[in-house]
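pasting a predicted model and its sequence here:
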Amino acid sequence: TEPAEMFSRSWKRLHSAQQRLARRMSSSSPGATTASPSTGGRKWLKRSLYTAAGLAVVGGVLLPSSSIDGAVRFCRSAWAGIRITSEYKRAEKASIGLSDAEVTAIKRKSHENAAKILLELFKQQGGVYVKAGQHIASLYYLLPIEYCNTMKELHNRAQTRPFEEIIRVFEEDMGGHPKDLFEYFDEKPIAAASLAQVHRAVYQGRPVAVKVQFPDVSEKSASDVATIDIITKAVERSFANFKLGWLVREFEENLPKELDFQQEAANANRIRECFKDDPFCTTPEIYKATKRLLIMEFIDGVPVNEPESIRSLGINPSSIVHNLNRVFNEQIFLHRFTHCDPHPGNVLVRKKNGRPQIVLLDNGLYREYDEDFGVKYAELWMAILQQDEERIAKCSKALGVGDYELFASMLTARSWQSVRNNIYRSLESDELNYIQEQAAKRATDITSILATVPSPLLLLLKTNDLLRVVKQDLGSSSHKVFGTTMQACQTLLHQRYLSEHPGWKSMFSVAWDRFSLRLKLTLFDWYVAVLGLLGGSTGRVD
């Protein structure tokens, strides 16, 4: 059965059955009780336990036997939520009457414990849960650092499956046992992702990496999306201002694509063609692809977020940050075909012919969009980087967002004060703490923006988050990163201008703009270098 078709059938079946359970979730939410804090917490916990047990029983009755696992996974998620809620309730009670320092220590311990519960859940569930954990690891500007650090384990150490479980994928997709299909096949996987694991092998005389989809991932993913749908609807019923339907729509749209490895092969071939003349960027050559198997060139390298490993190759990590940012800006603004899952486990660094090179792995999730959207997005970034508030408001409105201050902060992971006055200054701890506080206070406003922006922007926001983590781990200058972004935006806007205003005068104007920008960025680099020697900090760039 085709993975995408299996996903669709399983999703419809599970959704219709599990939808009946959503009211049970919302009626047991903490917001539904008016009891005193002491008795209300115990009553809510008891109701939650009963609800989880009821879900297991009802799920076992309503769902077909092949999908009972979906009910078990649903209840496992519910139980993790109860444990995390209880952890924070205990911390709140223990904090009464303590000093600020003691309260902070208790909060950090609770964050750590809650993050470990989530990590345990994500590793058990696999699939979309691992994807969620990988994204959580990138949200250091929104979430407590304990969550981000704990979830980093999922970048390249996700749960693997025994060799015996994956044999049938080879038998069904390639008609034979791995030992018969390959000259050599290592039964022990060298890496695991959310939907598959990777083995080393030799195929037609060449060393290869073999990516094998987990045999049950299609049905489990459908069950997980149904669970997410139920939880989001329960949250929306309990807290009317939270808009989370966009999250389910994104999973429904993107998961079937990621489950089709022939689509991943097509993506890899296309992005390799886009950067065929760029020695800094490559992706493994694909030798054979089925719906659930991918045989590709084996490339050895080090993870992109390990500066010491990169230095051991004789490569300066700052050059990796600069070129990585350039490559993704070209994907976004020039090719308009973007790798939307660049977490550190999916990007390797190696040295080839004496030069540094990044290798893009896991090419299943790309987003393509038209020039009109790309121009609007580029205009917004140019307005932000030129710190032009009036244009920021206008460009945000063109993308369907009225709260331009919050929107700009979401795009840049900086406070509005920095966006307006000093975006080229490096992010410091005081600003990061302020951003985290504001994110907690304005969570409903953030979800409302995510519910209204164009669909392509949701994945680009995720891409920004994941790349931001790499830049943070390697250490980067904000002005260099933003300068590269500005040049890519300018190139797209110039292309549109020349198409609408052909002629030598327009060409001269564009050439002068490009020269002026590059001169300004070079002078600003010198200014920052001198200021650094003198112990100063960067300011505006006009």
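All right, it came through fine. Numbering: from 1, shown residues only.

neighbouring contacts of stretch 180-194?
Residues outside stretch 180-194 that contact it (C-beta atoms under 8 Å, 6 or more residues apart in numbering): 126-131, 134, 156-161, 163, 170, 174, 178-179, 197-205, 208-210, 345, 362. To be clear about C-beta, it is placed using only N, CA and C from the backbone, and glycine gets the same treatment.

check stretch 325-333 too.
271, 274-275, 278, 280-281, 337-339, 342, 358, 374, 377-378, 460, 463, 467, 471, 476, 481, 484-485, 487-489, 491-492.

about what we covered before: any of the contacts of stretch 180-194 buried? List them.
Buried members of the contacts of stretch 180-194, scored by 16 or more other C-beta atoms under 10 Å, are 126-131, 134, 156, 158-161, 163, 170, 174, 178, 197-201, 203, 208-210, 345, 362.

out of those residues, which sit inside strands?
197-201, 203, 208-210 (DSSP state E).

may I see these organised as JSON lines, with pLDDT and distance to residue 320 added?
Conversion of these to JSON lines gives the following (pLDDT from 0 to 100; distance: C-beta to C-beta, whole Å):
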{"residue": "197", "pLDDT": "93", "distance to residue 320": "27"}
{"residue": "198", "pLDDT": "95", "distance to residue 320": "23"}
{"residue": "199", "pLDDT": "96", "distance to residue 320": "28"}
{"residue": "200", "pLDDT": "97", "distance to residue 320": "25"}
{"residue": "201", "pLDDT": "97", "distance to residue 320": "29"}
{"residue": "203", "pLDDT": "96", "distance to residue 320": "30"}
{"residue": "208", "pLDDT": "97", "distance to residue 320": "26"}
{"residue": "209", "pLDDT": "97", "distance to residue 320": "22"}
{"residue": "210", "pLDDT": "97", "distance to residue 320": "28"}
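
what's the farthest-apart pair in the residues you listed?
197 and 203 (16.9 Å; C-beta to C-beta).

how far does stretch 300-317 stretch from start to finish?
18 Å (C-alpha to C-alpha, to the nearest Å).

ok, residues contacting stretch 513-521?
Contacts for stretch 513-521 (C-beta under 8 Å, 6+ apart): 483, 486-487, 490, 494, 541.

farthest pair in these?
Top of the distance list for the contacts of stretch 513-521 (C-beta to C-beta): 494 and 541, 19.7 Å.

more neighbours: which of the two?
Using other C-beta atoms under 10 Å, the more surrounded residue of residue 494 and residue 541 is residue 541, with 20 against 17.

on that earlier part again, ok, of the contacts of stretch 513-521, which one's closest to residue 304?
Nearest to residue 304 among the contacts of stretch 513-521, with distances taken as C-beta to C-beta, is residue 483, at 20.5 Å.

quick check: residue 88 touching residue 109?
No. Applying C-beta atoms under 8 Å as the test, residue 88 and residue 109 come out as separate, 11.0 Å apart.

joint contacts of these two?
By C-beta under 8 Å, 6+ apart, no residue touches both residue 88 and residue 109.

just to revisit the earlier point, from the ones in strands among the buried ones among the contacts of stretch 180-194, which is closest to residue 499?
Among these, and counting by C-beta to C-beta, the member closest to residue 499 is residue 209, at 41.5 Å.

neighbours around the nearest residue to the closest one once chain neighbours are set aside, how many?
Leaving aside its chain neighbours, residue 209 sits nearest to residue 298 (4.6 Å; criterion: C-beta to C-beta, 6 or more residues apart in numbering). Neighbourhood size, residue 298 [other C-beta under 10 Å]: 17.

what number of residues lie near residue 497?
15.

so what does the helix or strand hosting it touch, helix or strand wise?
Assigned by DSSP states H and E, residue 497 belongs to helix 478-500. Where contact means 3 or more C-beta pairs under 8 Å, 6 or more residues apart in numbering; DSSP states H and E, helix 478-500 is packed against helix 317-330, helix 371-385, helix 504-534.

reformat those helices as TSV; add mean pLDDT and mean neighbour count.
As requested, the helices and strands packed on helix 478-500 are exported to TSV (pLDDT from 0 to 100; neighbours: other C-beta atoms under 10 Å):
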stretch	mean pLDDT	mean neighbour count
helix 317-330	91	21
helix 371-385	94	20
helix 504-534	80	12
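
for residue 94, find the nearest of those helices.
When the helices and strands packed on helix 478-500 are compared (using C-beta to C-beta), the closest one is helix 317-330, at 41.6 Å.
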